[in-house]
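Enquirer: Just need the structure, nothing else, for what follows:
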Amino acid sequence: MQWSLFVLILMGQCSFFTCHLYEYHFIEEEMPWEEAQRYCRENYTDLAIVFDMRDVERLTNSSQTTDAWIGLHSISSTERSWHWSLPGVEFRESETEWETGQPDNGTNDDCVMIRGQQWHDYPCMNHVGFICYNEPNQTYHCITETKSWLQAQSYCREHHTDLVSGSKLINSTEFKENLNRLTNPDGELWIGLFRDTWSWSDGKNFSFRHWEDSFKDEASKNCAMTTSNGKWSSDTCTKEKPFYCYDDKVILINESKTWDEALTYCRTNHRDLVSITDHHQQKWVKKKAKMADTEFVWLGMRYTCTMDLWFWVIDRLVCFDNWAQQGMDAQCGMAAVMKRDGKWYKKADNEKFHFICAK
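Expert: Okay, the predicted model is just below:
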């Protein structure tokens with residue numbers, strides 16, 4: 001087969017290949033939350049985690065049963081942590097734009113609105129306008145209709161991507177230009193920053209929440225469950241309910257090996273070196289890379305001199321990428337690594353790093 005025809009065949013696979021790096025399992029037997037957690041840890045990985053709206057759809061489609069436990073629970077009645085609504089965006093205190101005297105830590109001030117360019121903590125049930133972000137087009141949408149913070153989040157996720165999140169977006173020229181076009185640019189508008197006491201069972205710090213619009217955080221209801229519309233509510237943890245477990249399909253190997261040695265190890269002991277074909281998988285593998293003891297981890301991608309192309313070990317072209325500024329140009333004997341920050345780099349395949357296998 002000619003190389004050009006071979007490449008065209010591979011390129012056709014870009015749009016059709018989907019692989020989940022973790023799987024959900026619905027357990028019909030009803031148990032209290034802690035017993036459900038123990039069951040999942042003994043038989044799978046843990047109670048279900050949910051990273052973004054794609055996971056919500058997977059859970060919703062996996063069973064007709066609702067009112068089932070997931071892995072989110074309230075860890076404290078007082079210790080609240082700030083999170084961004086948009087999945088994968090990390091909160092950094094050093095990048096905040098609080099008004100002087102803010103946050104003032106009012107009892108119910110767990111959401112954030114901006115007035116001008118300054119941030120204020122504010123009760124989530126109050127109704128103000130809000131700003132949505134559209135990720136594919138990188139556009140901002142100021143909505144003047146007033147809603148509570150949860151209602152605003154639901155609107156943005158239904159019509160766009162999410163509430164605008166992260167200092168990079170909020171400090172961008174495009175964002176500020178959108179504010180300036182408003183009739184009252186100093187008006188109050190929700191952004192995607194909130195704080196709560198909730199945490200995932202497996203310890204991951206995913207910030208994604210999908211509460212009912214009318215959700216109220218009650219001290220006696222510390223465990224999260226699904227509802228009939230796919231959103232979440234909470235209940236007393238001792239109540240018996242069916243539940244969702246998840247099974248992790250990638251594993252970090254904390255052994256330093258060359259790329260070929262890593263490939264052999266993964267294929268002998270698991271399935272393959274991990275491949276990343278979309279933004280969702282990128283975020284999941286990045287979480288693993290952060291736990292490595294080496295600065296980089298091998299990925300299942302190698303440069304092919306004959307065709308002057310990068311390929312995944314699953315015989316797919318690199319349709320999605322997250323290269324650092326050095327880009328994709330490479331020489332023979334190069335393979336791809338991920339740094340702890342999630343960026344991809346090229347390295348000589350005889351260097352030794354830890355690596356990530358797909359199970």
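Enquirer: For whatever helix or strand Met225 lives in, enumerate the helices and strands it packs against.
Expert: Assigned by DSSP states H and E, Met225 falls within strand 223-226. In terms of contacts (3 or more CB pairs under 8 Å, 6 or more residues apart in numbering; DSSP states H and E), strand 223-226 is packed against strand 69-74, strand 232-235. C-beta here means a position set from N, CA and C on the backbone, and glycine is covered the same way.
Enquirer: strands paired with that strand, and their directions?
Expert: When pairing is defined by DSSP bridges, strand 223-226 lines up against strand 69-74 (antiparallel), strand 232-235 (antiparallel).
Enquirer: of those, which approaches Asn205 most closely?
Expert: Across those, Asn205 has its closest neighbour in strand 69-74 (11.9 Å, CB to CB).
Enquirer: Can I get that closest one in CSV, CA atoms only?
Expert: Presented in CSV, the C-alpha positions along strand 69-74 are these (Å, rounded to 0.1, in the frame of the first residue of the first chain):
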residue,chain,number,x,y,z
TRP,A,69,-24.9,7.2,45.2
ILE,A,70,-21.8,8.7,43.5
GLY,A,71,-18.4,9.4,45.1
LEU,A,72,-18.9,13.0,46.2
HIS,A,73,-19.3,13.7,49.9
SER,A,74,-19.0,16.6,52.2
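Enquirer: can you give me the strands in the stretch 251-359 of the chain?
Expert: 272-273, 296-304, 309-312, 334-339, 344-348, 353-358 (DSSP state E, counting those that start in this stretch).
Enquirer: looking at these, which one has the lowest mean pLDDT?
Expert: Mean pLDDT values for the strands of the stretch 251-359 of the chain show the minimum at strand 309-312, a mean of 88.
Enquirer: which residues touch it?
Expert: Applying CB atoms under 8 Å, 6 or more residues apart in numbering, the contact partners of strand 309-312 are 7, 10, 275-277, 300-304, 317-318, 328, 330, 336.
Enquirer: Recalculate using a threshold of 10 Å.
Expert: Strand 309-312 is contacted from outside by 3, 7, 10, 17, 272-277, 299-304, 317-319, 321, 323, 328, 330, 334-336, 344, 346, using CB atoms under 10 Å, 6 or more residues apart in numbering.
Enquirer: Kindly reformat the helices and strands packed on strand 223-226 as CSV containing mean neighbour count, distance to Thr173 and mean pLDDT.
Expert: As requested, these are arranged in CSV below (neighbours: other CB atoms under 10 Å; distance: least, CB to CB, whole Å; pLDDT from 0 to 100):
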stretch, mean neighbour count, distance to Thr173, mean pLDDT
strand 69-74, 25, 36, 96
strand 232-235, 18, 36, 96
